[in-house]
Structures are given as structure tokens and as C-alpha cells.
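Asker: Here is a sequence with its predicted model. Questions after.
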Amino acid sequence: MKKPFWLFLFCFIAFLTAYSQHFDAVADKAFLISRMAEKYHVQPRATDAAFSEAWFTSIMNSIDDERLFFTQADMNQLNKYRLQLHQQLLQKKTGFLEELYSLYQMRLKQVDSMVAFHCSQPFNLDTKEHYTVKEDTTYAADLKTLNLKLKKHLQVHLINHLVQWNEDTDSMDIKTLKNYDDSLETVLRKKIKSSFQRFIKRKLESPGGLAEGMGNMYCKTLATTYDPHTNYFPLTEKENFESSLGNTKKIFGFTLDEDDDGQVTIDHLKPGSSAFKSGQLNSGDKITGLQWENQANVDVSDATAEEINRMMDASNDKTLTITIKKADGTFRQVTLAKEKEEEDPEDDGRVKSFILKGAQNIGFISLPSFYTDWQNSEKGDEGCANDISKEILKLKKENIAGLIIDLRFNGGGSLKEATDLSGIFIDYGPVAQLCAKEGKAYSVKDVNRGTIFDGPLLLLVNGYSASASEAVAGTLQDYHRAIIAGTPTFGKATAQIVMPLDTTIVLDEFDPDKAIKTDSYLKLTIEKVYRVSGNTAQQKGVIPDILLPEPRFKDTRREATYKNSLLAANIEPNKYYKPLPATDYSRLQAFAKAMTDTTTFFKKIALFNHLQEMQDTAAELPLSLAAGMAASKKSADLDKNLPDFDSDDMPKAPYTVDNHSYEKLRLQSDKDLSAINDTWKIQLTKDPYIQAAYRIISFTIQ
């Protein structure tokens, strides 16, 4: 009997040693993050008690934002680190991380059991109890109270599902709904159970396991304590971030859909991809399980397509075994590895251009992001600024009288592309000012004399236009070179760089393209971005010359709403900045206001925004089905007062949409591309903001 005991003891010690070594490595990475932030961050924070409290709060919100796993007793145990976490960081200690990991792992498993128990029997849907705001937003006192809170939380989910089903079937009859108790309630209860347990299993059985996930979270929350845009990236996330800027991404090579029963199926296989080359997958195959290498299988038979996509995004370098159910009812396991995706020249993330033909022929260019490296760099085609230049040259041959560039929902990207784009429209000179940690501003210049387009120009922006979009809008506004129309932009005026975790890097000499590949990176805010006028878009955004109202939702985020967002005062204007003569926009503003005041679409937006501000959030959630139905009806009645606004509220577009000659030739030989193009043309005709932009720029040409 002794040998098995000693064998168990040996395995247990090895287990503890492995996790201890892992967290030692995490502590080393966290220390490097703090050193690099102190060395390079444009506005590093003092590593003190206030820093500790902000970091501690971020950690706890990150892993238990709904207060469903930890109790107040747990928090009392962990609170000894709340103001001392910076000492753990600076001394590379792992006490807090190990204690948190052990407690979190235990609570995940306990909550998993609680969920299984509560969902194994019907809920009392006739109770008069409520789930109060205090219960929902605070930690339960102990495990017994947590168990009760979790039951209420699950019951709220069940009632929401039942009410949603009831709304989808267009029946508000409570008796009719209760007739489904034996089947519908049971089915929905099982779905809720599976969803919660799948979430927990995804934590415990992620590609690197819970320990790796906790380590990444520890480093990520540390990074964002400096500012919202400083981020720690494991290799996979670094690759995914760069792919969003235009670099080739890694994919398995299939897209997902949901059938009439809500089962996730394979929709399309990308030719040449890993999934395609396996020869074992077909459109219509149902996905029932996912298993990363060296981890347990996760049952996803009732997961949504969004959940499965999120799970598949977890790693780029580990293999994934997918369990599928074929059309004949048999099950098959297919192991895949991600491969680099071939570039798609028709990707929706690229520049697109059209001609708006009316009283004036106006060019229109959509730029969804400031991407780079889309084209072959050997040909000198490096990104969106070059692509826009090409489209402008094609549009000019069609004798356009003005140009609209749509930067709505453009979250930014390459600052270099932004400065290059600004240079297209001004003769030469500074286009932005950057300020690093030392505080001395230096200018980014357009060194090429001449412009590609010098006619009337309008930039269309909204609250989701951020970063590089704001840099371009601010520059062209300062030079009086373009009309800025829309709503105030997001308010991010900082610049970041992605670097390996390495404090020996010399920032002025660092070349990301030549950096050694490693498993950990830091996206670090190294500069504040100022306009040539000395103003900044940080937090307040770029204020449009012409206001075009948009719906304001209560959960809309802006830079100023993020914790740890940097404050920025204005600086001196660049002394070499020579703007064009200032434009008097008073007549144009009066014209635009008259247009929005008398157009049904924009009048409805004004009413919508007013009513949104008046609506209160419910103080508590009912736990009975009848009360849930009544609350849903009350909400529906309130929503009836909120206007629906769509393109039908706009008058007929004062233009038709056409392609330039080069594009027409290309469309003739590609039916799929032609169909996509037709959809674009319809959307551009119905878009209220493009209609408004066309009228505004046409007014200036008269």
C-alpha cells in the first residue's frame, strides 16, 4: 500500500512544482511589463497603493464581473493584497496569483455542481421573489448565499428565454405558455445548464488550461492599468491583432451557420485551407465537440456559432480536434491546424469607390480601416493610402466635382497610413505632432509637394471613428481642407507599438519587422497624438463642422468612458503649419440644420435620443413567469414610443450610384463580384448619411 501512496505524493509534488514554475514565469513577465511601461510609456503611472487597487479591481472584474464565483468571504481573504499588489509585482512574488488560482479553480468546480443541481429540477415560476440590484451587483456573503444567488440568476435566464420564446411565437397568453412547462421549460433549462457549464469548462480546459489563462489575465489587467490601449499579447493574440491591420491571418478554413434547429453546421469550406485539404469535412456537417491538443473535449452540441468561433480563436499554433455529425448520423473526429489565409483581393476591409451621379457627380470612397501591407510591398503598394490614391485617379477621369470619404465605424489602424492619406490632400507640411515620454513634440510631415485631389472634399465621421480616422479628420480640418460632417469622434489620440517583452529594446532603433518571434508581446502607448494646431482629440474627439445626428444608446462607449484613459492638454501649434484660408460654415450649417430638422429620419433620431434619456433601468428582476411577462409587455409598450428609423424615412436619393470605367470592366467577368457590387449600390442609395453628405458637398459647389 505504501508504493501507491508515495507515487501519489510524488505526482502531487510534481503537480505543485509545475504550477509554481508557471507562475514564476508569469511573475517575470509581469515585472517586465512594469519595467517597459516605466521606461517607454508616454505617461507611466507610479507603482504604488493606488496602482495596486486599480489593478486588483481590474483582475477581480475580469474573472468574475457578475459576482457569481467569489463570495465576500473570499474577497476578505484576498483583500490583503488590494493595496499591496505592487509589492508582489516588484518583488516577483506569486502569492496572490497562486492563492487566486487555487480559490478560482475550486469555485469554478463548485459553481458547476450548483448549476447542475439547480437545473436538474423545475424552477418555481410562480414565486413572488425578485432578484434585486444589490444581489446582482455584490458578492454573496458566503457559499450558502452564493448558491441562492446563482439559483436566482439561472431563474432570470430561464424566464428571459421563456419570454423571448413567447415573443417569437407572437403569443402573450400566459396560460398557453404554461402548457409548455413539461417540454419547453425542460428544454430551455437544459440549454441554460449547458451554456453555463460550457463557459466553466472553457475556462478549465482552454488550450493552455486554467493556469495559463490566469497568467495571461494577470498580465493583461496589469497592462491596461496604465491605459486602455496598453495590452499584453500572447503570440496568438499578437498575430490576430496584426491581421486586423492587414497582415495575413491564420484560419482553419471554414465558416459556420445555424440550421433551423439552432445546431451549428459547417457552411463553407475555403479552397486550399486546412479544412478543405482534410477531405473529411462537408457543408452541412454538424459540430458537436471541440478539443484542443492535450485538453479535454468540450461538448458544443447546443452552443451558438458565436461561441464556437470564440473558442476556435483561442490559439493559432495548437491543433484542434473537431467532432462532427455527418448527414448519415455517424460521428467523425477531424484534427486540424490553422494555416495562413491567402489574401482575398475582394475583402470587405479594403477601399471601395463609386460615383454618385446627380446634379453634381461626386466621388465616394469607403475606408473601413487604416490597413497596411495588403498589396505586394515589392511593388511599393503598402496599404490604404496608396489604394485610395489609385481610386482617386480613376474617379478623376470620370470628372467628379467633389469627393466624399466615409470614415464612419473606422476604428483606426496604421498611423503611417493616416499621415500618408492626409498628405494626399495638402501640398506639403506638417500633418500631426507626436509627443513621447520626454514631453517634447516632434512633427510628422508630408514631404511630397502637390496633391492628388484639390477639389471639394468631405469626410463623414461618427462616434466610432477612432485613432487614425481622427488624425486624418483633425489634420484636414486644421488645414481647412475638408468639411468634417457627422458626430464627434471616439476620442483616442494616442499611438501604440507592439514589442516583444524585452527591456533592452532601444525604442528609436526598434524595427517590428526584424523583431525575434517570442511567446509574449506588449502593445504599449508610447506617444500622444496632437493636431498641427496644437489641439488634441483625446477624450473629446474631433468636433464636426456639420452635425448629422446619430442615435445615442446608453451603453455607447467613448474614450472618456474607459478607466485609466489618459488626459491630455493642448500644446503649442506647429510654427510651420500654414492652413488655407478659413471657411465660413455658417450658411452651410444653416442649410444642414434645415435639412435634418425637416427630414423624417433625423427628426426621429432626435425623438429617440430624448426618450432614451428619460427611460429608467429596472431596479429589480422578477423571478415569476407572470411578472416576467408583465415586465416584458411594459418594456414593449415603452419601446413603442421609441421611433423606428430607417432609410424609408429619407426622400429619394438625389443621385444614382455607378462604378468608374475600370471597375465596370472588372465586373463584367465576375458574377459574384457583380452581385456584391449591386448590393453596395443599393446601400449607398438608401444610406441617410451619404445622402446628407451628397447634399452638403453639392451645396458648397453651387
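Answerer: Everything's here; your move.
Asker: quick one: low-confidence ranges for the stretch 401-550 of the chain?
Answerer: For the stretch 401-550 of the chain, no stretch is flagged by pLDDT under 70.
Asker: How many residues are close by Thr265?
Answerer: Here the number of neighbours of Thr265 (other C-beta atoms under 10 Å) works out to 18. Glycine gets a C-beta too; all of them are placed from N, C-alpha and C.
Asker: and the gap between it and Ile324?
Answerer: When distance is defined by C-beta to C-beta, to the nearest Å, Thr265 is 9 Å away from Ile324.
Asker: Between those two, which contacts overlap?
Answerer: The contact sets of Thr265 and Ile324 overlap at Asp285, Lys286, Ile287 (C-beta atoms under 8 Å, 6 or more residues apart in numbering).
Asker: Adding secondary structure, neighbour count and pLDDT, write the residues you listed out as JSON lines.
Answerer: Listed next are the shared contacts of Thr265 and Ile324 as JSON lines, based on DSSP: H, G, I helix; E, B strand; the rest coil; neighbours: other C-beta atoms under 10 Å; pLDDT from 0 to 100:
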{"residue": "Asp285", "secondary structure": "coil", "neighbour count": "21", "pLDDT": "84"}
{"residue": "Lys286", "secondary structure": "strand", "neighbour count": "17", "pLDDT": "86"}
{"residue": "Ile287", "secondary structure": "strand", "neighbour count": "22", "pLDDT": "87"}
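Asker: Using a markdown table, please lay out those residues together with distance to Arg408.
Answerer: A markdown table is the format used below for these (distance: C-beta to C-beta, whole Å):
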| residue | distance to Arg408 |
| --- | --- |
| Asp285 | 38 |
| Lys286 | 38 |
| Ile287 | 35 |
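Asker: Go ahead and confirm Thr518 touches Leu235.
Answerer: Yes: Thr518 is in contact with Leu235 according to C-beta atoms under 8 Å; the separation is 7.4 Å.
Asker: I'd like the secondary structure assignment at the residue lying closest to His480 once chain neighbours are set aside, please.
Answerer: In space, and not counting its chain neighbours, His480 is closest to Leu580: 4.5 Å by C-beta to C-beta, 6 or more residues apart in numbering. Assigned state for Leu580: coil (three-state reduction, DSSP: H, G, I helix; E, B strand; the rest coil).
Asker: Export stretch 439-449 to CSV, keeping only CA atoms.
Answerer: The C-alpha coordinates for stretch 439-449 follow below in CSV (Å, rounded to 0.1, in the frame of the first residue of the first chain):
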residue,chain,number,x,y,z
GLY,A,439,7.3,65.7,-23.5
LYS,A,440,9.0,67.4,-26.4
ALA,A,441,6.7,67.4,-29.5
TYR,A,442,8.0,66.5,-32.9
SER,A,443,6.2,66.8,-36.2
VAL,A,444,5.2,64.2,-38.8
LYS,A,445,5.4,65.8,-42.2
ASP,A,446,4.1,65.4,-45.7
VAL,A,447,7.3,65.9,-47.7
ASN,A,448,5.8,65.4,-51.1
ARG,A,449,4.8,68.6,-52.8
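Asker: where in the stretch 601-702 of the chain is pLDDT low?
Answerer: Along the stretch 601-702 of the chain, segments meeting pLDDT under 70 span 615-619, 637-642, 644-649.
Asker: Good, wrapping up.
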